[in-house]
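J.: sequence? don't have it. structure:
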């Protein structure tokens with residue numbers, strides 16, 4: 001299997017980046033039922049090569065520029081292998097003390113690397129926990145915030161609770177609201193525009209909160225984002241934090257993508273104001289060479305999570321937990337069971353070291369800057385938002401300034417480019433305009449891949465524009 005994976009990486013550029021299969025393709029290739037007798041590993045590997053890999057979109061390809069990256073590394077592989085080999089289920093300290101204690105230590109290490117306030121460290125009332133995804137992180141802190149406010153104002157006030165975020169906030173917020181029982185009409189998704197580079201305006205937030213309080217509603221949760229999915233917009237954390245504190249709201253900061261860049265001093269400033277947050281999240285599995293899944297959540301008051309999520313059935317009782325001497329991570333998350341995920345983050349931090357990780361982040365940002373410069377040199381295209389990290393938002397300008405066909409033109413360009421199989425990019429919509437996103441972040445990407453990707457975009461744009469002008 002190790003040889004198979006190694007060979008896959010050697011040939012990864014031979015595959016179409018975006019899978020070109022049609023829905024339902026695999027059912028036609030596999031039997032209707034499981035085998036009665038065992039099959040050889042080689043037979044299975046042959047099936048993977050012939051039937052599974054054609055249906056894989058290759059996130060580790062150096063030509064993958066869609067969404068945000070999902071990093072892997074040898075260090076991450078090793079941590080995953082060891083976790084799978086040990087195969088512990090570390091829901092309580094007693095079920096594997098090393099799993100709990102290593103997670104606490106490694107997340108303290110990482111918190112210090114990105115210079116989080118001491119309140120987020122495990123030595124005090126706070127600490128870190130590895131969730132599966134940022135969606136889980138925002139859900140558990142919303143549940144903690146909900147229960148905290150309801151203990152103060154009464155359980156019957158659930159229908160009055162209001163959540164605030166910008167229209168650039170990840171859709172995970174909406175799902176968390178649905179699960180937490182927040183009424184849909186009480187989710188305030190506040191408009192942003194290019195005047196703030198799509199960051200949330202404090203004045204717009206203040207006005208919304210004031211109107212809700214006047215209406216007898218209860219503001220309780222604010223989500224700020226550093227590095228939004230659409231365009232890496234940055235919400236002004238310091239100002240938002242003051243507003244949250246003045247209104248006794250829980251303030252959560254989502255830095256799922258951009259948090260990794262905070263290990264570089266020049267990018268740490270973008271989370272200035274995080275000291276006013278109650279919780280902070282980043283995905284080490286996006287841009288930190290740590291295999292999926294590894295979403296890191298820090299919280300200032302761990303008791304808020306425990307009070308919302310703790311269960312204590314008889315069959316899980318033990319001396320250490322009963323004496324309140326240890327952390328039981330089952331009480332910091334939705335599921336009971338959990339894998340030994342801290343191993344892979346520990347491996348990454350030790351096998352790379354801070355300086356190499358900083359160089360890794362800076363290299364991707366420089367490659368994105370290179371792509372941005374290429375786009376800027378072609379008058380047929382425009383850069384739509386300022387580039388802050390390793391994402392470039394751009395679009396193909398419509399002929400004769402005809403904005404009516406701009407969205408279709410860029411949609412067609414996206415389809416044409418991705419259909420080549422040479423690269424894979426994705427899109428968003430900002431202020432009603434259809435925008436192309438080019439996110440650099442795959443571990444194998446080099447300048448030659450970025451340059452070649454731009455050539456594909458130029459060639460497909462030329463073909464499209466020629467059609468438009470006929």
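T.: Sure thing, it's come through. Given the structure is predicted, the values throughout are model-derived calculations rather than measurements.
J.: mind listing the helices for the stretch 301-450 of the chain?
T.: Secondary structure of the stretch 301-450 of the chain (DSSP state H, counting those that start in this stretch): helices located at 302-309, 319-322, 342-376, 406-419, 447-469.
J.: Reformat the ones you listed as JSON lines; add distance to residue 29 and mean neighbour count.
T.: (Glycine included, C-beta is placed from N, CA and C.) Conversion of the helices of the stretch 301-450 of the chain to JSON lines gives the following (distance: least, CB to CB, whole Å; neighbours: other CB atoms under 10 Å):
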{"stretch": "helix 302-309", "distance to residue 29": "42", "mean neighbour count": "18"}
{"stretch": "helix 319-322", "distance to residue 29": "49", "mean neighbour count": "13"}
{"stretch": "helix 342-376", "distance to residue 29": "32", "mean neighbour count": "19"}
{"stretch": "helix 406-419", "distance to residue 29": "22", "mean neighbour count": "18"}
{"stretch": "helix 447-469", "distance to residue 29": "30", "mean neighbour count": "16"}
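J.: Mean pLDDT lowest where, among these?
T.: Ranked by mean pLDDT, these end with helix 319-322 in last place, scoring a mean of 86.
J.: Name the residues that touch that helix?
T.: With contacts defined as CB atoms under 8 Å, 6 or more residues apart in numbering, helix 319-322 is touched by 92, 93, 94, 312, 326, 328.
J.: wait, which of the helices of the stretch 301-450 of the chain is closest to residue 52?
T.: Closest to residue 52 of the helices of the stretch 301-450 of the chain, according to CB to CB: helix 406-419, at 20.5 Å.
J.: need the contact list for the residue nearest the centre of the chain.
T.: In the chain, the residue lying closest to the centroid (CA atoms, centre = their mean) is residue 256, at 4.0 Å. The contact partners of residue 256, taken as CB under 8 Å, 6+ apart, are 68, 134, 170, 227, 281, 282, 283, 286, 295.
J.: so what pLDDT did the first one get?
T.: By that I understand residue 68. Listed pLDDT for residue 68 reads 94.
J.: Could I get the average pLDDT for the host helix or strand of residue 206?
T.: In this assignment (DSSP states H and E), residue 206 forms part of helix 202-214. For helix 202-214, mean pLDDT rounds to 97.
J.: Okay, and the beta partners of the residue lying closest to residue 411 once chain neighbours are set aside?
T.: In space, and not counting its chain neighbours, residue 411 is closest to residue 434: 5.9 Å by CB to CB, 6 or more residues apart in numbering. Assessed by DSSP bridges, residue 434 has beta-bridge partners residue 429.
J.: Now tell me which helix or strand of this structure has the poorest mean pLDDT.
T.: helix 319-322 (a mean of 86; mean pLDDT, DSSP states H and E).
J.: which residues of the chain score low on pLDDT?
T.: Low-confidence segments of the chain (pLDDT under 70): 469-470.
J.: and with 90 instead?
T.: Applying pLDDT under 90 to the chain flags the ranges 1-2, 90-95, 311-317, 319-328, 336, 399-406, 465-470.
J.: What segments of it are strands?
T.: Remark: strands assigned in the chain by DSSP state E are 127-131, 161-166, 187-190, 218-225, 250-254, 279-283, 295-299, 381-383, 391-396, 426-430, 433-439.
J.: Of those, which is nearest residue 31?
T.: strand 426-430 (34.7 Å).
J.: Contacts for that closest one, please.
T.: Contacts of strand 426-430 (CB under 8 Å, 6+ apart): 66-67, 194, 198, 229-231, 384-385, 393, 410-411, 414, 434-437, 439.
J.: Go again with 10 Å.
T.: Strand 426-430 is contacted by residues 18, 65-68, 167-168, 192-194, 198, 228-231, 233, 384-385, 391, 393, 395, 407, 410-411, 413-414, 418, 434-439 when judged by CB atoms under 10 Å, 6 or more residues apart in numbering.
J.: Report the angle between it and strand 433-439.
T.: If you take axes from the mean of the first three to the mean of the last three CA atoms, to 10 degrees, strand 426-430 sits at 140 degrees to strand 433-439.
J.: Show me how far strand 426-430 is from its chain's centre.
T.: Remark: strand 426-430 is offset 16 Å from the chain centroid, using CA atoms, centre = their mean, to the nearest Å.
J.: List the buried residues in that strand.
T.: Applying a neighbour-count criterion of 16 or more other CB atoms under 10 Å, one finds 426, 427, 428, 430 buried in strand 426-430.
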